[in-house]
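Engineer: Predicted model and sequence follow; I will ask about them next.
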Amino acid sequence: MEHSTGCARSEGFYTISRTDKLKYLNDARLALEPPATSALVSKGVSTSANPQSSLRASSDFRSEQRRLLSSFSCDSDLVKFNQLKFRKKRIRFAPSHIHDWGLFAMEPIAADELVIEYVGQAIRQVMADMREKRYEDQGIGSSYLFRVDQDTIIDATKCGNLARFINHSCNPNCYAKIIMVESQKKIVIYSRQPIGINEEITYDYKFPIEDEKIPCLCGADGCHGTLN
């Protein structure tokens, strides 16, 4: 419809005839209804969708597939991390002969499987030093600070998960690994050997060597005697 002022907003509302309304409603109804496949096939009419939209959708799908395949081919950690989201390992915490509480497997875990993610608050070194002293003053003897890199430390003291109960061992059945997930560094625990039911999950803390030694109570063969 022609606009006398050249702008639809300045025209207000137009009176639309009943015929135009019915025509618009019929066209809208036909657009929403799926075509009768049998009738179209019998007449030899193709039932494919709009070629342009189909090509665009297939192109987007292929690019997404290439992105996923490139991620998976270079590193399988992302696949295992995503699998861990949907199917968590059955584990429990219970009293441990090594130290206070420990983490135990409630199902057989094969070698080189992602067991659990080490979850906590990401903080800087300055904040970690302040919190460590505060925890000592509060009587929290166990350390749940896990270093990711030179600038980032994961504090699982009050915002962690079951992974914080994993004890140290000089001959562990797991190891810690840092992986990249959506441009973020994650700490995950991998099994280095098959783990049986009710077997305690352990890994090497790899504490730096210090003059003030922390005794190790793992009792494993070849125990170093100290954690640091």
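Structural biologist: Thanks, I have the structure now.
Engineer: show me where pLDDT drops low in the protein?
Structural biologist: Under the criterion pLDDT under 70, the flagged ranges of the chain are 1, 3, 12-14, 24, 26-76, 78-86, 141.
Engineer: Mind doing that once more with 50?
Structural biologist: The chain contains residues with pLDDT under 50 at 37-48, 72-74.
Engineer: which stretches of it form helices?
Structural biologist: Residue ranges of the helices in the chain, as given by DSSP state H, are 18-32, 37-42, 51-74, 77-86, 125-137.
Engineer: show me the contacts for the nearest residue to Asn198 once chain neighbours are set aside.
Structural biologist: Using C-beta to C-beta, 6 or more residues apart in numbering and skipping residues adjacent in sequence, the residue nearest Asn198 is Phe104, 5.7 Å away. (Glycine included, C-beta is placed from N, CA and C.) Counting by C-beta atoms under 8 Å, 6 or more residues apart in numbering, Phe104 touches Ile91, Arg92, Phe93, Ala94, Asn198, Glu199, Glu200, Ile201.
Engineer: residue ranges of the strands in this protein, please?
Structural biologist: 91-95, 101-105, 114-118, 121-123, 145-147, 153-155, 167-168, 174-181, 184-191, 200-203 (DSSP state E).
Engineer: Name every strand pairing with the second one and say which way it goes.
Structural biologist: This points to strand 101-105. strand 91-95 (antiparallel), strand 200-203 (antiparallel) (DSSP bridges).
Engineer: Neighbours of the closest residue to Cys174 other than its chain neighbours, how many?
Structural biologist: Counting by C-beta to C-beta, 6+ apart, Tyr203 is the residue found nearest to Cys174 once chain neighbours are left out, at 4.4 Å. By other C-beta atoms under 10 Å, the residues close to Tyr203 number 22.
Engineer: cool, the one 3 residues further on as well?
Structural biologist: Other residues near Lys206 come to 11 when the count uses other C-beta under 10 Å.
Engineer: Quick check: Arg192 touching Ile109?
Structural biologist: No. Here Arg192 lies out of contact with Ile109, judged by C-beta atoms under 8 Å, at a distance of 10.6 Å.
Engineer: These two: which is more packed in?
Structural biologist: Ile109 (24 against 15).
Engineer: quick one: contacts for that one?
Structural biologist: For Ile109, counting by C-beta under 8 Å, 6+ apart, the contacting residues are Lys89, Val115, Ser191, Pro194, Ile195.
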